[in-house]
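Enquirer: sharing a model that was predicted from the sequence below.
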Amino acid sequence: MSKLIVVACGAGINTSTIAEDSIKERVAQEGFSDVEVKRILIADIEGFLGRTDLIMVVSMMKIFRTFDVPVFQGMPFLIGSKQERDALLDKIVEVIKKV
Amino acid sequence: MLEFYESLIAFDLQAKDAKEVIGLLAGNMNAQGLVSAEYGAQTWAREMDHPTGLPTKPFCIAFPHADAEGVNKSALGVAVMRQPVKFQNMADPDESLDVELVFMLANRDPQEQIQTLRNLAVLFGQPEKLVELRDQATLHGVASWLRHELNLS
């Protein structure tokens, strides 16, 4: 079964695209062939939470609740330094490898 | 192709709030025929629903915009503030940020808007670049610095 990562943003301009770019690039570098990265609106997240292939949520918005899967704040992809982005990608890769 | 020239820049701007900054930048775009007369009001309405302030370092920035409707030609407007104005945080609309640089986007096509944002995000992650831009001594300096950094012709 594939591993689904959803990348959520608030609205409109799709800041999640910036996060999606970075995650997809790293996923390709790592050679993962079973990882799907999907951009969604944060308002639509409920529809994904029950999916058994969901392994992680990356959100550009602050999230004030918990999920059954790991959640990462994606803001470093938009405004972080290269080191901050790489550190976040390392954590994401760790989760992908574990499941 | 992104329209970007000196008349779209507000330099050393004193404004009382975000609404005034947005109205001024949109007015500059409208004067050049790039956006409709309503673009400023549309952008402010969107900003209230979906704020665009970002907690960059060492000071915050914002990138207000509206939808493609009302945009005749894609453009970038910039305000360099004399004093910070408050925008709300995109990631947490309850949080106010002191914004010193405002990048106003007008894009005819969502894909193109994402590309503009990708280019800007390279600057957002580099505090020394944001300081360089804010500390330009002249409006002309702001224009040529941004043209160079964003590879605009």
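Expert: Done, it's in. Numbering: from 1, shown residues only, chains lettered A, B, ... in the order given.
Enquirer: OK, contacts around residue 58?
Expert: Picked chain A for this. Neighbour list for A:Val58: A:Ile5, A:Val6, A:Val7, A:Ala8, A:Ser16, A:Ala19, A:Ile23, A:Val71, A:Phe72, A:Gln73, A:Gly74, A:Ile92 [criterion: CB atoms under 8 Å, 6 or more residues apart in numbering or on different chains]. (Glycine included, C-beta is placed from N, CA and C.)
Enquirer: think we crossed wires, I meant chain B
Expert: B:Pro127, B:Leu130, B:Val131.
Enquirer: of these, closest to chain A?
Expert: Closest approach between the contacts of B:Pro58 and chain A, by CB to the nearest CB: B:Pro127, at 8.1 Å.
Enquirer: could you find the closest non-adjacent residue to the closest one?
Expert: Closest residue to B:Pro127 apart from its sequence neighbours, by CB to CB, 6 or more residues apart in numbering or on different chains: B:Lys57 at 4.7 Å.
Enquirer: tell me the SS of the one you found?
Expert: Under DSSP: H, G, I helix; E, B strand; the rest coil, B:Lys57 falls in the coil class.
Enquirer: need the pLDDT of it.
Expert: pLDDT for B:Lys57: 96.
Enquirer: what residues are up against it?
Expert: A:Ile79, B:Pro127, B:Leu130.
Enquirer: out of these, which are inside strands?
Expert: Here DSSP state E is the test, and the contacts of B:Lys57 give no hits in strands at all.
Enquirer: among these, name the ones in helices.
Expert: If you go by DSSP state H, the contacts of B:Lys57 have A:Ile79, B:Pro127, B:Leu130 in helices.
Enquirer: who wins for most neighbours among those?
Expert: Tallying neighbours with other CB atoms under 10 Å in any protein chain shown puts A:Ile79 at the head of these, with 25 neighbours.
Enquirer: quick one, what contacts that residue?
Expert: With CB under 8 Å, 6+ apart, A:Ile79 has these contacts: B:Leu54, B:Pro55, B:Thr56, B:Lys57, B:Ala121, B:Phe124, B:Gly125.
Enquirer: count the residues that sit near the last one.
Expert: Think B:Gly125. 20.
Enquirer: which pLDDT value goes with it?
Expert: With respect to pLDDT, B:Gly125 has a value of 94.
Enquirer: which ones are touching it?
Expert: Per CB under 8 Å, 6+ apart, neighbours of B:Gly125: A:Leu78, A:Ile79, A:Gly80, A:Ser81, A:Lys82, A:Glu84, A:Arg85, B:Thr56.
Enquirer: kindly report the same for A:Leu41.
Expert: Neighbour list for A:Leu41: A:Ala8, A:Cys9, A:Gly10, A:Ala11 [criterion: CB under 8 Å, 6+ apart].
Enquirer: from chain B, how far out is it?
Expert: Counting by CB to the nearest CB, to the nearest Å, the gap from A:Leu41 to chain B is 11 Å.
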